[in-house]
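J.: 3D, please:
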Amino acid sequence: MDKLTRIKVYVNVVETGSFTAASERMGISRAAASQYVAQLEEHLGGRLLNRTTRHVSTTEAGRMYFARCKDILHHLEEADNMVSGFSGTPKGTLRISAPSVFAERHLVPIIYDFTKAYPDVKIDLMVTDRYVDMVYEAYDLAIRVTKIEDSDLVARRLASCRHILAASPAYLKSSPLLSSPDDLKNHACLLYSYTTGAVWPLFKNAKDYSVKVSPVMTSNNPEVLLEAAINGMGITIMPTFIASDAIRRGDLLTVLDDYESLNLDIYAIYSSRHYLPAKIRFFVDFLKEKINDPPYWDDFKP
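T.: Next comes the predicted model:
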């Protein structure tokens, strides 16, 4: 096996934190991955990794070697992309990071259509709600719901991400009047854990009507809050890309429609405009075409 392949295996082991994950990513056996790294260490005459039964970590020399190898592989990829990136033929593996609910509800169907149209592209989708380091973790593309993007990354806006307040018909029928944000203080509220200060942002005619709520339930999982709302536990605030199906079915009704809440944007993020591979260019264009702006999920008609 050539030295470049051994280096690629080593970089993948460091990035994923294990031989098992690296071997799965590269489509080789764990034993082969371990052998390639051992051969590389033998060639270099020094240990790159500290190994235990459950974990691997880099030695001091290994950290330095990883950084240089990562840089070398990046330049090799750019050289390849100079030729293939503008060939008009998307191919290869596209590594994507995306938030869990958005991936499950909207991204997977789009990926299915894309791979049918471009069968030479394989998708490696990492579903996570944490903020990934795209360069260090070697992602081609990330989908992010945010307001301000890092200046060192390229951000292409796909659509708006509107938030609405909603509750089940049964809850609203048996609850107090709800005609203004202040009335929320008399209601059962379902709160997303990362909401700053338990304050729901609400605006009308450029005036701030934000209100601090006292939740009957808090969760870090928006799907849990959605189900709680559908089951009549109270009012929740969430993105329309999560709530739209329930609203179309009549399981949820929107409330305080005269007020605007949190407005973010959905972006496709990639690391550089230079020598952009066709697989990324075509996929981002495909996303933009499929989602539209305003996005298709904002149409609540059954």
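
J.: Just give the closest residue to Ile269, not the sequence neighbours.
T.: Ala142 (4.4 Å; CB to CB, 6 or more residues apart in numbering). For glycine as for every other residue, the C-beta is placed from the backbone atoms N, C-alpha and C.

J.: Let me know the pLDDT of that neighbour.
T.: pLDDT, Ala142: 92.

J.: So it lies in a strand, does it not?
T.: Yes. The assignment for Ala142 (DSSP: H, G, I helix; E, B strand; the rest coil) places it in a strand.

J.: OK, contacts around it?
T.: Ile96, Ser97, Ala98, Val132, Met134, Ala268, Ile269, Tyr270 (CB atoms under 8 Å, 6 or more residues apart in numbering).

J.: Go again with 10 Å.
T.: 95-99, 126, 128, 131-134, 153, 155, 267-271 (CB atoms under 10 Å, 6 or more residues apart in numbering).

J.: same deal with Arg47?
T.: Arg47 neighbours (CB under 10 Å, 6+ apart): Ala38, Glu41, Thr58, Thr59, Ala61, Gly62.

J.: can we see that at 8 Å?
T.: With CB under 8 Å, 6+ apart, Arg47 has these contacts: Glu41, Thr59, Ala61, Gly62.

J.: Doesn't it belong to a helix?
T.: No. Looking at Arg47 with three-state DSSP, it is coil, so not inside a helix.

J.: confidence score at it?
T.: pLDDT, read off for Arg47, is 91.

J.: Residues in a beta bridge with the residue nearest to Ile269, which ones?
T.: Ser97, Ile269 (DSSP bridges).

J.: cool, and Ser219?
T.: Under the criterion used (DSSP bridges), Ser219 bridges to Tyr192.

J.: now do Ile235
T.: Beta-bridge partners of Ile235, as defined by DSSP bridges: Cys189.

J.: which non-adjacent residue is nearest Lys91?
T.: Lys91 sits nearest to Asp120 (CB to CB, 6+ apart), 3.9 Å away.

J.: My read is that the one you found contacts Phe114, right?
T.: No. Asp120 is beyond contact range of Phe114, at 11.3 Å (criterion: CB atoms under 8 Å).

J.: what about those two, which has more around it?
T.: For Asp120 versus Phe114, the count of surrounding residues by other CB atoms under 10 Å is larger for Phe114: 21 against 11.

J.: circling back to that earlier point, what's the residue nearest to Lys91 sitting at in phi/psi?
T.: phi -80, psi 0 (degrees, to the nearest 10).

J.: and it, how far is that from Val284?
T.: 17 Å (CB to CB, to the nearest Å).

J.: swap in Ser160?
T.: 17 Å.

J.: Looking at the contacts of Arg47, spot the one nearest Ala138.
T.: Ranked by distance to Ala138 (CB to CB), the contacts of Arg47 are led by Gly62 at 17.2 Å.

J.: tell me which residues of stretch 205-218 are tucked away?
T.: For stretch 205-218, a neighbour-count test (16 or more other CB atoms under 10 Å) marks Tyr209, Val211, Val213, Pro215 as buried.

J.: so what's Asp299 up against?
T.: Ser244.

J.: isn't Ala166 right up against Asp245?
T.: No. The pair Ala166 and Asp245 fails to qualify as a contact (CB under 8 Å) at a distance of 11.7 Å.
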